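Q: predicted coordinates and the sequence they were generated for:
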There are 4 protein chains.
Amino acid sequence: MIRVGIIGSTGLAGEGLIRVLLGHPEAKLTCVCSDHAAGKDVADVIPGLAKELSIELCPTDADRLVAETDVVFMAKKSADSMRLVPRLLDGGVKAIDIGGEFRLKDPAEYEKWYGGKHECPGLLGEAVYGLPEFHADEIAAARLIANPGCYPTSALIPLVPLLRKKLIEPDGIAVDAYSGMSGAGRTSGYAFIDHNEDIRAYKPVGHKHTPEIEQELSGAAGRAVVISFVPHLAPLDRGIHTTIFARATAASSDALRVLQEFYADAPFVRVFADPGKVTLLNVRNTNYCDISVALDNRTGMVIIVSALDNTTKGAGAQAVQNMNLMFDLDETTGLKNRSY
Amino acid sequence: MIRVGIIGSTGLAGEGLIRVLLGHPEAKLTCVCSDHAAGKDVADVIPGLAKELSIELCPTDADRLVAETDVVFMAKKSADSMRLVPRLLDGGVKAIDIGGEFRLKDPAEYEKWYGGKHECPGLLGEAVYGLPEFHADEIAAARLIANPGCYPTSALIPLVPLLRKKLIEPDGIAVDAYSGMSGAGRTSGYAFIDHNEDIRAYKPVGHKHTPEIEQELSGAAGRAVVISFVPHLAPLDRGIHTTIFARATAASSDALRVLQEFYADAPFVRVFADPGKVTLLNVRNTNYCDISVALDNRTGMVIIVSALDNTTKGAGAQAVQNMNLMFDLDETTGLKNRSY
Amino acid sequence: MIRVGIIGSTGLAGEGLIRVLLGHPEAKLTCVCSDHAAGKDVADVIPGLAKELSIELCPTDADRLVAETDVVFMAKKSADSMRLVPRLLDGGVKAIDIGGEFRLKDPAEYEKWYGGKHECPGLLGEAVYGLPEFHADEIAAARLIANPGCYPTSALIPLVPLLRKKLIEPDGIAVDAYSGMSGAGRTSGYAFIDHNEDIRAYKPVGHKHTPEIEQELSGAAGRAVVISFVPHLAPLDRGIHTTIFARATAASSDALRVLQEFYADAPFVRVFADPGKVTLLNVRNTNYCDISVALDNRTGMVIIVSALDNTTKGAGAQAVQNMNLMFDLDETTGLKNRSY
Amino acid sequence: MIRVGIIGSTGLAGEGLIRVLLGHPEAKLTCVCSDHAAGKDVADVIPGLAKELSIELCPTDADRLVAETDVVFMAKKSADSMRLVPRLLDGGVKAIDIGGEFRLKDPAEYEKWYGGKHECPGLLGEAVYGLPEFHADEIAAARLIANPGCYPTSALIPLVPLLRKKLIEPDGIAVDAYSGMSGAGRTSGYAFIDHNEDIRAYKPVGHKHTPEIEQELSGAAGRAVVISFVPHLAPLDRGIHTTIFARATAASSDALRVLQEFYADAPFVRVFADPGKVTLLNVRNTNYCDISVALDNRTGMVIIVSALDNTTKGAGAQAVQNMNLMFDLDETTGLKNRSY
């Protein structure tokens, strides 16, 4: 059994991880950390876990984590959390960060997009970007995983193969994405009456998920790629639906077929010929990313759609997919047939 | 492995059963029946099942079901479906009906509330009402289970123990229930624009779930119990929230404690002291029924609240809970830790 | 033109009043008060009012209100607001309180349900309960109106005529009500992810709207009436749907006809024979309260349903209906044909 | 008073028109046509109109319309409706078509995008595209108005001034739009359970609103403009939120200022510096289109957002705005201060 620790257990991401791991046959929660609620039973803090899990929340303590875990999920953004990472790695514990601190390779880019200096810039080079569809081997060998953002996952899964195979032009890509309200976590302060029956853009220029997408796309294209990325809030709990506009190349008519082949054996990516089948309902409470692509010959544009659940494939379930690879388990362990 | 058949696989209830059973370690789907889509792969009809299940839908054929299944779930309302039941039982196959045809013991009551004559009245006496919290032993011995309605489950779980222990008066019970839109199935025709941002009552007098509730309550009270039951449509996908008003007895101040004790070891019922913790979110995508009770000394009324997911504890997952009992498995097999 | 002031203009109730009054042909907003935003244009604080209204928000100042207004709507709960009321009345300005401070006649009841001492108990006797369907003449003569609560309006409109005519028993009435999230105002802190797809009860015993309902029902019945009242949060912006259970009397079969006659000429109450036509959608953005009633002969219960928009008939639009009566205008001035 | 007829009164668009016109001080509904419900009172068919309007629905009869109306709104798509138009015009009655039949100037384009031959191609040249922000003078002089589509209105209001002033490049414009479910009308068959908590694209290539947008943009740019337009279904009743990506020109940094100046005196367009203030809630139940624009210097893209209510500015209220211009009324008559 893999002994698992979670930092930030009572946040939305932490709770999501607990729920994924509860159904995992090879994982055992040993350190469920919450500094503000340490000493309480987790089900007293998260009532939905009653009769699912009973464990005392513990303080975030590096020595204890080193002694009692094999892997720690970092589900809390804070300088303290980041400073914990080197101590875990030194103690032989693997770390999977879902907070976004280790996704950019260049500390200067981190400063520019995230604000503030990075706490452990020396680890940025080592951290592996945890998108299993593209980096499975590096993930398997990694000590430290930077779990991808929810928006980036939805954009990269369709875009990377298309760029690699030159089925779209790398210039002028526009990523238009719509997220359920859980994307902002439990303390976002998004009120029901301000967001029900509403859609609005936020940060249409400069959202911090942009450089992470560009970093991976540049790798796929073999040259620098710059994109426009506009995130929106949509009136639903869960899910990200992303529509992408890219300029066609001479080969774009093969795009659908190439995606179908690329993902034929991928356990968590489904390619549909009909863009209307790419829905948030089909991926809700699952680890799937569903995608489709259409070429508009009239305009010379390739239209790509993508859907995933930001709380699963966009966060905790993808993190567990990474854990499976890191511990030499089947990639799908504990992640299929979960939704009902 | 239990070999399982489903009649009416592509309806909402049928799909729900498939999803529950996909995560069940001791069940194997052998006959996934759909008369209108026979010959197609199930994932071509239900795109959300792609990469979850690939099986050819088969016609509803009694001989094949007898040959290839150990238990059949009836998830389709029709005279043909009902007439299938005796043939299955004769062939040694157990049957679990989630369509409501076998819940009432008295054929005259069936005719009065459901309209039309029952197709196999001789089986009404044998069918066991499949509410595991009260009838586990009979369920374990049964060939034919009448899986309870979603509304009845939400009302009976709190009311039965209270009536048995005389903690509420049996007269004048008012059950006010609010259901998500999936309660009516896929072909209900409930349009988004007619129900979003809306609540309305339907069938405030004479809903067919009424006699089923009364039959069980009468058993619990040891005398005839008549209730008022008003169902409503609420603007959400899943979930039933039920608020019940009952007159207090001299012993009502014990109601919360008694419920806590009664359900202390029940795997799928959670009793909260705070009625505000009984929420649809906490039970969504689970097999739990969450309940609470409060005595209003000022008015002499007992206020009971109850929440469950109509598509799981209110339908398919409860049906599988019954299957587990019928096949001598742990009651919780495949039903815990499913939601993420 | 009636010169109008609003205290608490940038809260949800204040904004609602502004919107109602903007379409009123005989009212002119002269003092739009907001202490925290005084000096700013109202449309800079409430962007949805851009090109609808441009007026500088002013501090809450009694002298200025006396000099510049004929009527003031109190849309803010605070001791300061309450202490303003006698100064307004002394200055010859009428006041309409939508905050709930003047609804109970007995200061002891106020202390019991609201907590804390009343700031001007001497005015409780004078304040008229502003439910125009029952108190039109007193309203017309009043200086101070206690605008009813949203829940109480939804319960009283059907119940008062039924009790007056003895068509239901006064004992054992159970009021089960479901409110949209705007009922709690802008600062409630109700997060989208905690309430979307959810229903839950809150304060099932002891909600402060209870005594206000009982006070009016006791008047209608000619004896003390005690009710059970359970409010719930429902996943929608606006609207209250209330279902009421009452014991039938020998005359209850006349209930529907009596309500139809009672409200035949009421401009804002609609009585439907079919309870299914009492929907939140039909009353949204209007000043209507829609109701229906059904007798269940089998159980001896009368089932009543009622729907209104908590932000209009349940708050600001009803307040303006009261203003119309106080200033001898047609009761419907500015209140019909507003929704589109 | 303008005597008004409506064809297709009981559809969603027809009901919308009725509601707008009920609050119009200079319009009188004389022929409220519905072939399938002729003879009934409108409020018996649309219960929400009870106590708002009582008028007998009449059959669609050209002679009667000519005799009893000054203007007819066509709110029903059918060959019969189209053939009515020349008879109305010959009889001296003005016509405003909200069904989309007269928007394209070229009958060949109509055939290509709408399918089938046009019933009265000779009128395509005469019909004026009813976007008052750009064509007020032609509208005032017109006999026949082609009321714009909801998506086109949301795209054209920000794009036309930007193209006219060369603040964006005319090539490569991508329009990504999200509509509430009412966009499809009452008979769409969009079920609640299939669309709640969901977003999906439909017709990402070839939606029939595309040529209408291109026709107007080509006029604005003075050359042929081709766009990519992807419509989506979003889980809300009303509203269209559109995000547009366009390539910047050297002058794009002026875009916000130019839009602010262009629309300074427009009664129904509001330009916000902050794209986050462009929300569906701010335009719900109003005739406003709210817009914003941002230049991303890093990528050389201009990001435009736009919000309107598809049932008002996107349909009936804009049609009445056109009527006001045609009958020499102030453009805003009956259209401001309607929402509460």
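A: Yes, it's here.

Q: all contacts plus neighbour counts: C-alpha atoms, from now on.
A: Fine.

Q: using CSV, write out every CA atom in whichever strand or helix holds A:Asp63.
A: Per DSSP states H and E, A:Asp63 falls inside helix A:62-68. Output in CSV follows, covering the C-alpha atoms of helix A:62-68 (Å, rounded to 0.1, in the frame of the first residue of the first chain):
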residue,chain,number,x,y,z
ALA,A,62,7.7,17.6,7.9
ASP,A,63,9.2,15.0,10.1
ARG,A,64,5.9,13.1,10.5
LEU,A,65,5.3,13.3,6.8
VAL,A,66,8.7,11.8,6.1
ALA,A,67,8.2,9.1,8.6
GLU,A,68,4.7,8.1,7.7
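
Q: tell me which residues in it are buried?
A: Residues of helix A:62-68 classed as buried by neighbour count (16 or more other Cα atoms under 10 Å in any protein chain shown): A:65-66, A:68.

Q: same list, those, but as CSV with distance to chain C please.
A: Below are these laid out as CSV (distance: Cα to the nearest Cα, whole Å):
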residue, distance to chain C
A:Leu65, 31
A:Val66, 34
A:Glu68, 33
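
Q: contact partners for A:Leu329?
A: Under the criterion of Cα atoms under 8 Å, 6 or more residues apart in numbering or on different chains, A:Leu329 has no contact partners.

Q: in chain A, which spans are helices?
A: A:12-22, A:42-45, A:62-68, A:79-90, A:107-114, A:132-141, A:150-164, A:192-195, A:210-221, A:255-262, A:280-283, A:317-326 (DSSP state H).

Q: A:Cys31 is nearest to which of those?
A: For the helices of chain A, proximity to A:Cys31 was assessed by Cα to Cα; helix A:62-68 is nearest, at 6.8 Å.

Q: smallest gap between the stretch 201-340 of chain A and chain B, at which residue?
A: As assessed by Cα to the nearest Cα, chain B sits closest to A:Asn282 within the stretch 201-340 of chain A, at 4.6 Å.

Q: thought that residue was touching B:Ile46?
A: No. With contacts counted by Cα atoms under 8 Å, A:Asn282 stays clear of B:Ile46, the gap being 9.1 Å.

Q: have a look at these two and say which one is more surrounded.
A: Counted by other Cα atoms under 10 Å in any protein chain shown, A:Asn282 and B:Ile46 do not tie: A:Asn282 has more neighbours, with 21 against 14.

Q: grab the nearest non-local neighbour of that one.
A: Computed as Cα to Cα, 6 or more residues apart in numbering or on different chains, the closest residue to A:Asn282 that is not its neighbour in sequence is B:Gly48, at 4.6 Å.

Q: look up how far D:Val205 lies from the one you found.
A: 24 Å (Cα to Cα, to the nearest Å).

Q: also A:Leu167?
A: 18 Å.

Q: more neighbours: those two, which one.
A: Counting neighbours by other Cα under 10 Å for A:Leu167 and for D:Val205 shows that A:Leu167 has the greater number, 23 against 20.

Q: residues contacting the nearest residue to that one once chain neighbours are set aside?
A: Of all residues not flanking A:Leu167 in the chain, A:Ser252 sits nearest, at 4.6 Å (Cα to Cα, 6+ apart). Counting by Cα under 8 Å, 6+ apart, A:Ser252 makes contact with A:167-168, A:295, A:302.

Q: what do you get for A:Ile291?
A: For A:Ile291, the contacting residues are A:158, A:269-272, A:275, A:278, A:304-307, by Cα under 8 Å, 6+ apart.

Q: A:Ser339 too?
A: Here A:Ser339 is in contact with A:284-286, B:19-20, B:285, B:338-340 (Cα under 8 Å, 6+ apart).

Q: do A:Leu259 as well
A: Residues in contact with A:Leu259, defined by Cα under 8 Å, 6+ apart, are A:158, A:161-162, A:271.

Q: what residues does chain A have near chain D?
A: Within chain A, the positions lying close to chain D (Cα under 8 Å from any Cα of the partner chain) are A:174, A:176, A:194, A:197-205, A:226-228, A:235-238, A:241, A:243, A:245, A:275-281, A:294-296, A:299, A:301, A:303, A:305.

Q: which residues does stretch A:193-206 contact?
A: A:113, A:228-236, C:181-182, C:186, C:192, C:236-237, D:235-238, D:241, D:275-281, D:294-296, D:303, D:305.

Q: now the buried members of those residues.
A: A:113, A:228-236, C:181-182, C:186, C:192, C:236-237, D:235-238, D:241, D:275-281, D:294-296, D:303, D:305.

Q: burial count for A:Ala184?
A: When counting by other Cα under 10 Å, one arrives at 15 neighbours for A:Ala184.

Q: tell me, how many residues neighbour the residue nearest to A:Ser154 when sequence neighbours are not counted?
A: In space, A:Ser154 comes closest to A:Ser306 once its chain neighbours are excluded; the distance is 5.9 Å by Cα to Cα, 6+ apart. By other Cα under 10 Å, 30 other residues sit near A:Ser306.

Q: against B:Thr332, how distant is A:Ser306?
A: 35 Å.

Q: same question for A:Leu84.
A: 38 Å.

Q: same deal with A:Ile139?
A: Distance of A:Ile139 to B:Thr332, given as Cα to Cα: 35 Å.

Q: what about the two, which has more around it?
A: Just comparing A:Ile139 and B:Thr332: by other Cα under 10 Å the higher neighbour count belongs to A:Ile139, 25 against 17.

Q: for that one, what are its contacts?
A: A:Ile139 neighbours (Cα under 8 Å, 6+ apart): A:128-130, A:132, A:145, A:322, A:325-326.

Q: give me that answer again for 10 Å
A: Residues near A:Ile139 by Cα atoms under 10 Å, 6 or more residues apart in numbering or on different chains: A:127-132, A:145-146, A:321-327.

Q: of those residues, closest to C:Leu89?
A: Distances from C:Leu89 to the contacts of A:Ile139, taken by Cα to Cα, are shortest for A:Ala146, at 65.9 Å.

Q: so what's the closest one bridging to?
A: Beta-bridge partners of A:Ala146, counted by DSSP bridges, are A:Asp97, A:Tyr129.

Q: didn't it look like it was pressed against A:Glu138?
A: No. Assessed by Cα atoms under 10 Å, A:Ala146 is found out of contact with A:Glu138, at 11.8 Å.

Q: which of those two has more neighbours?
A: A:Ala146 (26 against 17).

Q: with just CA atoms, put stretch A:241-258 into PDB.
A: In PDB, the C-alpha atoms belonging to stretch A:241-258 read as follows (Å, rounded to 0.1, in the frame of the first residue of the first chain):
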ATOM      1  CA  HIS A 241     -15.500  23.600 -21.600                       C
ATOM      2  CA  THR A 242     -12.900  25.000 -23.900                       C
ATOM      3  CA  THR A 243     -13.300  26.100 -27.600                       C
ATOM      4  CA  ILE A 244     -10.100  26.800 -29.500                       C
ATOM      5  CA  PHE A 245      -9.600  28.600 -32.800                       C
ATOM      6  CA  ALA A 246      -6.500  27.800 -34.800                       C
ATOM      7  CA  ARG A 247      -5.500  28.500 -38.400                       C
ATOM      8  CA  ALA A 248      -5.500  25.500 -40.600                       C
ATOM      9  CA  THR A 249      -2.500  24.100 -42.400                       C
ATOM     10  CA  ALA A 250      -2.500  22.100 -45.600                       C
ATOM     11  CA  ALA A 251      -2.800  18.900 -43.500                       C
ATOM     12  CA  SER A 252      -5.700  20.000 -41.200                       C
ATOM     13  CA  SER A 253      -8.300  17.800 -42.900                       C
ATOM     14  CA  ASP A 254      -6.500  14.900 -41.200                       C
ATOM     15  CA  ALA A 255      -6.900  16.400 -37.700                       C
ATOM     16  CA  LEU A 256      -9.700  14.300 -36.500                       C
ATOM     17  CA  ARG A 257      -8.200  11.000 -37.700                       C
ATOM     18  CA  VAL A 258      -4.800  11.900 -36.200                       C
END
